[in-house]
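> Take a look and give me a structure for this.
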Amino acid sequence: MNVTGPMGADRVMALRAQILERNEALKRANAGAPAAPAPGGSSGVGGGFAATLEAALKSVNESQNAARAASEAYERGETVDVAKVMLARQQASIGFEATLQVRNKLLSAYKDIMSMPV
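The predicted structure is shown next:
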C-alpha cells in the first residue's frame, strides 16, 4: 500500500479542490455573476465528480478490507511483521477519516444550497 494510490493525499487534495471550485461557482451563480465553465469541458456534476467519488469510496473499502485481512493473518500467526499490519490499519483509518470529511463538506454544501432563496 502506498500513500499516493487511489486514496492517497494527492487524490484527497484533488477532491477537495474540486469541491472548493464548485462551491465558488455556486457563490458566483448566487451573486448573479456568470459562472466559469467546469474543467474538462463538462457543464455539470455528471460523471466526473460522481465517478471520482465512487472510485475514492471503492479505494477506501479496498484498503479497509486489506487492513482487516492483514490483521486476521497476524492473529492467525501467518504474518510476523506487525509493522506492516499497523501501517495497513493506519492507511485504512486515514482514508476513512478523509471520506468522513468529504461527506461532511458535501452535506454542508447541500444544506447551504437548500437554504438558498429561490
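
> what are the phi and psi angles of the residue of the chain positioned farthest from its centre?
Here the chain reaches farthest from its C-alpha mean at residue 77, the gap being 33.6 Å by Cα atoms, centre = their mean. Main-chain dihedrals, residue 77, degrees, to the nearest 10: phi 90, psi 10.

> per-residue confidence for it?
pLDDT for residue 77: 90.

> mind listing what's buried in stretch 92-105?
Of all the residues in stretch 92-105, those buried under the rule 16 or more other Cβ atoms under 10 Å are 92, 94-96, 98-99, 102. For the C-beta atoms, the positions are set from N, CA and C on the backbone; glycine is no exception.

> swap that for stretch 60-78, please
Buried residues in stretch 60-78, defined by neighbour count with 16+ other Cβ under 10 Å: 60, 62-64, 67, 70-71, 74.

> Can I get these in JSON lines including distance to residue 17, pLDDT and secondary structure?
Converted to JSON lines, the buried residues of stretch 60-78 look like this (distance: Cβ to Cβ, whole Å; pLDDT from 0 to 100; DSSP: H, G, I helix; E, B strand; the rest coil):
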{"residue": "60", "distance to residue 17": "19", "pLDDT": "93", "secondary structure": "helix"}
{"residue": "62", "distance to residue 17": "23", "pLDDT": "94", "secondary structure": "helix"}
{"residue": "63", "distance to residue 17": "22", "pLDDT": "93", "secondary structure": "helix"}
{"residue": "64", "distance to residue 17": "25", "pLDDT": "95", "secondary structure": "helix"}
{"residue": "67", "distance to residue 17": "27", "pLDDT": "93", "secondary structure": "helix"}
{"residue": "70", "distance to residue 17": "32", "pLDDT": "92", "secondary structure": "helix"}
{"residue": "71", "distance to residue 17": "33", "pLDDT": "93", "secondary structure": "helix"}
{"residue": "74", "distance to residue 17": "37", "pLDDT": "92", "secondary structure": "helix"}
